[in-house]
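Peer 1: Starting from these lines, generate the structure:
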Amino acid sequence: MNKKKIGAVFYWSASIVLLIVIVGFFAPDFLETVTAQTQEMISSIFGWYYLIIVSIFVLVCLFFIVSPYGKIKLGKEEDQPEFKLPSWFALLFSAGMGTGLLFWGAAEPISHYALDSPTVEPGSDEAILESMRFVFFHWGLHAWGIYAIVAICLGYFKFRKEESGTISSALSPLMDSEGAWGMIINVIAVVATVSGIATTLGFGAVQINGGITFLTGIGESFLFQLGIIAVITVLYLISSATGIQKGIRYLSNTNMVLAGVLLLFVIIAGPTLFSLNIFTNTIGEYLQSLPEMSFRIAPTDPDARAWINDWTIFYWAWWMAWSPYVGTFVARVSKGRTLRQFTVGVLLAPSIVGFIWFSFLGGSSIFLESQQGANLSSLATEEMLFGLLDHLPLATVMSILAIVLIAIFFITSGDSATFVLGMQTSNGDTNPARRVKFIWGILLSAIATILLYSGGLQAVENTMIIAAFPFSIVMLLMIFALLKALRKERKEQKQANTR
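Peer 2: Model prediction:
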């Protein structure tokens, strides 16, 4: 793409985001109503579509692991990985799910167990096992399969075929990626990315507010959340100026250490045996029931269908909205790895760590609720983590640690996002200009703030589900383009070997 088209992608996508901000500021009720109605329509009409395509993404990833294509590198044959395994894992994990794991680690299992079980009576023994099974489902192979697909496509075309690294460049075997359709696709990807990240930033601000409220009793308010967003924005803009090798990498490694400390504390201080049993039992149930859960749409049960829309469809849309961001970032830090190495690492390692995380934080929460009458389910969602910690030793110290960890994940997400958005609106430049990253940093915080102002987290979630829908179509096209390019490369290699 030339400079004029770079400008077109940037200005169109930034203008759309700015328009949402303006409408949300001057007509918050209108924005909330429109996003809610649109989200309801998409979830109701296209729920089946979301379930099928996300399952396709997982199957394609498994295909890359076992097929001969797995030997192909995300880069030239002589390229070697830029980051060692621990740093690489920390980078992709922090970018992929950090804030979400902290927000939902205790909250989702408790919600499924005590408030809104998928198929059984809330509060029952069956609800304990079912709640954890669906948590694994939402945060396991399907989530990382979505991320892996986008990252593989971008990494292959960027580092092996020397394309620009924009989303449209991964469609070069199918279309003119530098034409009008290429620009439209890049704008869709950027708007989806902004929506997905705004959701996470909204979760982070609300949970930091919730943690401080739980500790001090000062109360939750939009103005307080605005102040949190403002402070974090300044910090992640400062970090983004240092680049991946410094700011983002150091923060990601710090995240992993602090998250490890928090997890180790809960393992030791919580009901360890109960959580280990939950982990072991749920792994088996998850693997056995994975096909059934993957395609469960409940066409004859309105209540069950509403649950699927509120949870499963929400998560699939969230991961797809995040996938241009996570995919771009993970592709950027994965140069030199083979398709097989990359796919195994991205699918399995974060999923297993997530399963352990939920088994101990969620398992401990359920134990306290079901066995000791802790009543964590009566707390606001953003306070459930702190409610769990309040029933363990060193409650204040660990709650402060949790707030610090949320803030650092918040900074890392914003830092990584400004890099990815800068790259996607700068013709795939892996070192985008600081002013471009700065503008996106401001817009990210602005849209998270406006959506919280107009309708709280629900408005943020609605907007993200809407933005994810068109990008899901782009993802399907990316798979077709990648398979076409891989077949062509494989054919060329065979011809070369026979000469």
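Peer 1: so which helix or strand takes in the residue lying closest to Phe274 once chain neighbours are set aside?
Peer 2: Distance criterion Cβ to Cβ, 6 or more residues apart in numbering; nearest residue to Phe274, sequence neighbours excluded, is Phe367 at 4.9 Å. Where C-beta positions appear, they are placed from N, C-alpha and C, glycine not excepted. Using DSSP states H and E, Phe367 falls within helix 339-371.
Peer 1: Kindly export stretch 76-91 (C-alpha atoms) in PDB.
Peer 2: C-alpha atoms of stretch 76-91 as PDB (Å, rounded to 0.1, in the frame of the first residue of the first chain):
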ATOM      1  CA  LYS A  76      12.400 -18.000   5.900                       C
ATOM      2  CA  GLU A  77      14.100 -21.400   6.400                       C
ATOM      3  CA  GLU A  78      17.100 -19.700   8.000                       C
ATOM      4  CA  ASP A  79      15.000 -17.600  10.500                       C
ATOM      5  CA  GLN A  80      15.200 -18.500  14.100                       C
ATOM      6  CA  PRO A  81      12.800 -17.500  16.900                       C
ATOM      7  CA  GLU A  82      13.400 -14.000  18.300                       C
ATOM      8  CA  PHE A  83      12.200 -14.800  21.800                       C
ATOM      9  CA  LYS A  84      13.100 -17.800  24.100                       C
ATOM     10  CA  LEU A  85      10.200 -20.000  25.100                       C
ATOM     11  CA  PRO A  86       9.500 -18.400  28.500                       C
ATOM     12  CA  SER A  87       9.400 -14.900  27.100                       C
ATOM     13  CA  TRP A  88       7.400 -16.000  24.100                       C
ATOM     14  CA  PHE A  89       4.800 -17.700  26.300                       C
ATOM     15  CA  ALA A  90       4.600 -14.600  28.600                       C
ATOM     16  CA  LEU A  91       4.100 -12.300  25.600                       C
END
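Peer 1: Phe410 and Gly204 touch, don't they?
Peer 2: Yes: taking contacts as Cβ atoms under 8 Å, Phe410 lies within contact range of Gly204: 4.0 Å.
Peer 1: Surely Leu237 and Phe438 touch.
Peer 2: Yes: Leu237 is within contact range of Phe438, at 6.0 Å (criterion: Cβ under 8 Å).
Peer 1: Comparing those two, which residue is more hemmed in?
Peer 2: Here Leu237 and Phe438 are compared on neighbour count by other Cβ atoms under 10 Å; more neighbours surround Leu237, at 20 against 15.
Peer 1: if I pick that one, what's in contact with it?
Peer 2: When contacts are counted by Cβ atoms under 8 Å, 6 or more residues apart in numbering, Leu237 touches 414, 418, 437-438, 441-442.
Peer 1: Farthest-apart pair in the residues you listed, please.
Peer 2: The two members of these with the most space between them (Cβ to Cβ) are Gly414 and Phe438, at 11.6 Å.
Peer 1: Check the contact lists of Phe410 and Gly204 and give me the overlap.
Peer 2: Jointly contacting Phe410 and Gly204 under the rule Cβ under 8 Å, 6+ apart are 99, 232.
Peer 1: since we're on the residue lying closest to Gly428 once chain neighbours are set aside, how many residues are nearby?
Peer 2: Leaving aside its sequence neighbours, Gly428 sits nearest to Gly165 (Cβ to Cβ, 6+ apart; 2.8 Å). For Gly165, the tally of surrounding residues (other Cβ under 10 Å) stands at 22.
Peer 1: next one: Tyr49
Peer 2: Using other Cβ under 10 Å as the criterion, Tyr49 is surrounded by 15 other residues.
Peer 1: what distance separates the helix or strand hosting it from the middle of the whole chain?
Peer 2: Per DSSP H and E: Tyr49 is located in helix 28-66. Relative to the centre of its chain, helix 28-66 is centred 14 Å away, using Cα atoms, centre = their mean, to the nearest Å.
Peer 1: Give me the mean pLDDT for it.
Peer 2: Along helix 28-66, the predicted confidence averages to a pLDDT of 90.
Peer 1: Please work out the angle formed by the directions of that helix and helix 339-371.
Peer 2: Between the axis of helix 28-66 and that of helix 339-371 there is an angle of 120 degrees, by axes from the mean of the first three to the mean of the last three Cα atoms, to 10 degrees.
Peer 1: From the contact counts, what lies against helix 28-66?
Peer 2: Packing partners of helix 28-66 (3 or more Cβ pairs under 8 Å, 6 or more residues apart in numbering; DSSP states H and E): helix 3-26, helix 141-155, helix 272-294, helix 314-332, helix 339-371, helix 434-497.
Peer 1: export the ones you listed to a markdown table and tack on distance to Gly210?
Peer 2: Formatted as a markdown table, the helices and strands packed on helix 28-66 follow (distance: least, Cβ to Cβ, whole Å):
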| stretch | distance to Gly210 |
| --- | --- |
| helix 3-26 | 22 |
| helix 141-155 | 24 |
| helix 272-294 | 23 |
| helix 314-332 | 20 |
| helix 339-371 | 15 |
| helix 434-497 | 11 |
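Peer 1: Going by mean pLDDT, which of these comes out lowest?
Peer 2: Set side by side, the helices and strands packed on helix 28-66 differ in mean pLDDT, and helix 3-26 is lowest with a mean of 77.
Peer 1: what sits up against it?
Peer 2: Contacting residues not belonging to helix 3-26 are listed as 1, 30-31, 166, 178, 183, 186-187, 190-191, 194, 424-427, 436, 439-440, 443, 446-447, 450-451, 453-454, 459, 463 [Cβ under 8 Å, 6+ apart].
Peer 1: give me the number of residues near Ser67?
Peer 2: 14.
Peer 1: which of the contacts of Leu237 tops the neighbour count?
Peer 2: Of the contacts of Leu237, with other Cβ under 10 Å as the count, Thr418 tops at 29 neighbours.
Peer 1: how many neighbours does the closest residue to Ser124 other than its chain neighbours have?
Peer 2: Distances taken as Cβ to Cβ, 6+ apart put Ser117 closest to Ser124, at 7.7 Å, once the chain neighbours are dropped. The number of residues packed near Ser117 is 20, by other Cβ under 10 Å.
Peer 1: Ser117 touches Leu129, doesn't it?
Peer 2: No: the pair Ser117 and Leu129 does not pass the contact test of Cβ under 8 Å, sitting 10.4 Å apart.
Peer 1: Show the subsequent helix or strand relative to the helix holding Phe367.
Peer 2: On the C-terminal side of helix 339-371, the closest following helix or strand by DSSP H and E is helix 384-390.
Peer 1: Mind listing residues that contact that next one?
Peer 2: Here helix 384-390 has contacts from 102-103, 105-107, 110, 207, 210-211, 214-215, 266, 361, 364-365, 368, 374, 376-377, 379, 395, 398-399, 402, using Cβ under 8 Å, 6+ apart.
Peer 1: May I have that helix as CSV, with CA atoms only?
Peer 2: Extracted in CSV, the C-alpha atoms of helix 384-390 (Å, rounded to 0.1, in the frame of the first residue of the first chain):
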residue,chain,number,x,y,z
MET,A,384,-15.8,-11.7,43.5
LEU,A,385,-12.0,-12.1,43.2
PHE,A,386,-11.5,-9.9,46.2
GLY,A,387,-14.3,-11.7,48.0
LEU,A,388,-12.4,-14.9,47.5
LEU,A,389,-9.1,-13.4,48.8
ASP,A,390,-11.0,-12.0,51.8
